[in-house]
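Asks: Just to be clear, the model below is a prediction. Sequence and coordinates:
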Amino acid sequence: MLTAPHPSSAPANALNFKWPAEGIARAPYRLFTDPEIYKLEQERIFRGRSWNYLCLDVEIPKAGDYRTTVIGETPVIVTRDHDGEVHAMVNRCAHKGALVCLKKQDNVASLTCVYHAWNYGLDGQLKGVAFRNGLRGQGGMPNDFDVAKHRLQPIRTQNFYGIVFGTFSDEIEDVETYLGPDMAQFIKRNLDRPLCVLGTHSQTIHNNWKLYAENLRDSYHATLLHTFYTTFKVNRLDMDGGIILSDEKWHHVSFARRAKLQEAAERGDTLTASA
Ligand code: FES
């Protein structure tokens, strides 16, 4: 349940924030609006010790394919190089921070920043600098300028059953351990076959990111708000369902299990009526 900030909440830390005495079932509105908390989330969650979904492996099948995405607020490029290897890097030019890739997806020989045309390989290594040696002996980069020191910031990736995940953390465990056995088995079961992308749909929701994360764990609203579930009997009251949490409670699966015919209420009614 969401609550307005309580006047008796005493300062407890640098954020002047104290969790309500009722415990974790009370999430103060401030969690969804405070810019300082948001800043810390970007640093500690999205740029911290977490694996983030980047794209599907099949979305970049050919050498030179790239897709752009975000990790939190950080713009990201995911590429496939000529050896078939997938790379991810921050989509900010090493020169002055401009976006290097502007499209959602494309196929390119290399990555070129539109601002001053610095050129990067598909692995994010800097290859070329416009006017590096100046013009007619004038200007240019200093002699000790080293292209190896000015690459696009790399992001560690792992392909898990066709899903490309990325992380800023060097210490985090592999994706399967991160997800835990209960969560990983659902991905394995659903993605143990070749995938074909039929299309994509995206929607921008203007709210704090946690509202959507929290909404996905709120099965209470499912049949009340999304009435197509009941209209088309996708979800019925005689179905078993629930939410499974990983050990650390970071991940979840929400499920509904189809009722067997023998267990269905109307089957019982029919048997009674015909007896
Ligand atoms: S900002 Fe990219 S080349 Fe200058």
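Replies: Nice, thanks for sending it over. Numbers count the residues shown, from 1 in each chain.
Asks: hang on, A25 is in a strand, isn't it?
Replies: No. A25 is assigned coil when assessed by DSSP: H, G, I helix; E, B strand; the rest coil, not a strand.
Asks: any idea how far the ligand is from it?
Replies: 48 Å (CB to the nearest ligand atom, to the nearest Å). Every C-beta, even on glycine, is put in place using the N, C-alpha and C of the backbone.
Asks: That residue: neighbouring residues, count only.
Replies: If you count neighbours by other CB atoms under 10 Å, A25 ends up with 8.
Asks: Would you map out the domains in the protein?
Replies: Per automatic domain parsing, the structural domains of the chain span 2-46, 52-172, 209-274.
Asks: So which of those domains is nearest L191?
Replies: Nearest of these to L191, taken as CB to CB: domain 52-172 at 4.1 Å.
Asks: and that closest one, does that touch the ligand?
Replies: Yes. Using CB under 6 Å from any ligand atom, domain 52-172 reaches the ligand at 93, 95-96, 98, 113, 115-116, 118.
Asks: Return stretch 189-203 as CSV; C-alpha atoms alone will do.
Replies: What follows is stretch 189-203, C-alpha atoms only, in CSV (Å, rounded to 0.1, in the frame of the first residue of the first chain):
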residue,chain,number,x,y,z
ARG,A,189,11.8,-23.9,-20.7
ASN,A,190,10.5,-21.1,-22.9
LEU,A,191,13.6,-20.3,-24.8
ASP,A,192,15.0,-23.8,-25.5
ARG,A,193,14.2,-23.4,-29.2
PRO,A,194,15.1,-21.1,-32.1
LEU,A,195,13.4,-17.8,-31.9
CYS,A,196,11.8,-15.7,-34.6
VAL,A,197,10.9,-12.0,-34.0
LEU,A,198,7.5,-11.4,-35.5
GLY,A,199,7.4,-7.8,-34.4
THR,A,200,7.8,-5.5,-31.5
HIS,A,201,5.6,-3.2,-29.5
SER,A,202,6.7,-0.6,-27.1
GLN,A,203,4.9,1.9,-24.9
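Asks: So what touches that stretch?
Replies: Stretch 189-203 is contacted from outside by 56-59, 161-163, using CB atoms under 8 Å, 6 or more residues apart in numbering.
Asks: what about burial for the residues of domain 52-172 next to the ligand, which qualify?
Replies: 93, 95, 113, 118 (16 or more other CB atoms under 10 Å).
Asks: Assign a three-state SS to the second one, would you?
Replies: For H95, the secondary-structure state derived from three-state DSSP is coil.
Asks: got the contact list for the residue lying closest to it once chain neighbours are set aside?
Replies: Counting by CB to CB, 6 or more residues apart in numbering, H95 lies nearest to W118, which is 5.1 Å off, once chain neighbours are set aside. Counting by CB under 8 Å, 6+ apart, W118 touches 93-95, 112, 126, 128-130.
Asks: Would you format the buried ones among the residues of domain 52-172 next to the ligand as TSV with pLDDT and distance to Y66 included?
Replies: What follows is those, written out as TSV (pLDDT from 0 to 100; distance: CB to CB, whole Å):
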residue	pLDDT	distance to Y66
C93	98	15
H95	97	19
C113	97	14
W118	97	16
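Asks: Looking at these, which is nearest K39?
Replies: C93 (23.4 Å).
Asks: Return the residues in contact with the nearest residue to that closest one once chain neighbours are set aside.
Replies: Once flanking residues are discounted, C93 sits nearest to C113: 4.2 Å by CB to CB, 6+ apart. By CB under 8 Å, 6+ apart, the residues touching C113 are 93, 95, 98, 100, 119-120.
Asks: Please identify which two of these are farthest apart in space.
Replies: Farthest pair in those, by CB to CB: A98 and N119, 13.3 Å.
Asks: Could you provide the buried ones among the residues of domain 52-172 next to the ligand in a markdown table, with additional columns for distance to D81?
Replies: Below are those laid out as a markdown table (distance: CB to CB, whole Å):
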| residue | distance to D81 |
| --- | --- |
| C93 | 19 |
| H95 | 22 |
| C113 | 18 |
| W118 | 18 |
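Asks: hang on, the earlier thing: please identify the deepest-packed of the domains of the chain.
Replies: Most buried of the domains of the chain by mean neighbour count (mean count of other CB atoms under 10 Å) is domain 52-172; its value is a mean of 16.
Asks: That concludes my questions; thank you for your assistance.
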